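Participant: 3D, please:
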Amino acid sequence: MDNINYISKNELANSLSVSISTINRKLNEIPHVKLGDRPTSRVVFSVPKVIEYLESLGPNKKMSAQTL
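Facilitator: Below is the predicted model of the structure:
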């Protein structure tokens, strides 16, 4: 089984040099896993899937897959 790295919302924001608010606004676009059913449940991000998402945005976007 492959070992997939997951990071928190805070770690993703720090890696991309954006605010947590930016991550929250883009949450419907960025691939993520919600750990629970409540609105306050923790959200984690699969690093390979986030990199794939960022690369699909193209080279002109501010967020960069190279920072992860």
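Participant: Assumed V43 was part of a helix.
Facilitator: No: counting by DSSP: H, G, I helix; E, B strand; the rest coil, V43 falls outside a helix, being strand.
Participant: okay, it: pLDDT?
Facilitator: Looking at V43, its pLDDT reads 97.
Participant: Specify the beta-bridge partners of it.
Facilitator: K34 (DSSP bridges).
Participant: if I read this right, it contacts H32, doesn't it?
Facilitator: Yes: contact criterion CB atoms under 8 Å: V43 and H32 qualify, at 5.1 Å. No exception for glycine: its C-beta is placed from N, CA and C like everyone else's.
Participant: These two: which is more packed in?
Facilitator: H32 (20 against 17; other CB atoms under 10 Å).
Participant: can you pull out the helices in this protein?
Facilitator: With helices called from DSSP state H, the chain shows them at 9-16, 20-25, 47-57.
Participant: now these as JSON lines including mean neighbour count?
Facilitator: Listed next are those as JSON lines, based on neighbours: other CB atoms under 10 Å:
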{"stretch": "helix 9-16", "mean neighbour count": "17"}
{"stretch": "helix 20-25", "mean neighbour count": "14"}
{"stretch": "helix 47-57", "mean neighbour count": "15"}
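Participant: Can you add mean pLDDT and distance to D37 and give those back as JSON lines?
Facilitator: Below are the helices of the chain laid out as JSON lines (pLDDT from 0 to 100; distance: least, CB to CB, whole Å):
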{"stretch": "helix 9-16", "mean pLDDT": "96", "distance to D37": "17"}
{"stretch": "helix 20-25", "mean pLDDT": "96", "distance to D37": "18"}
{"stretch": "helix 47-57", "mean pLDDT": "92", "distance to D37": "21"}
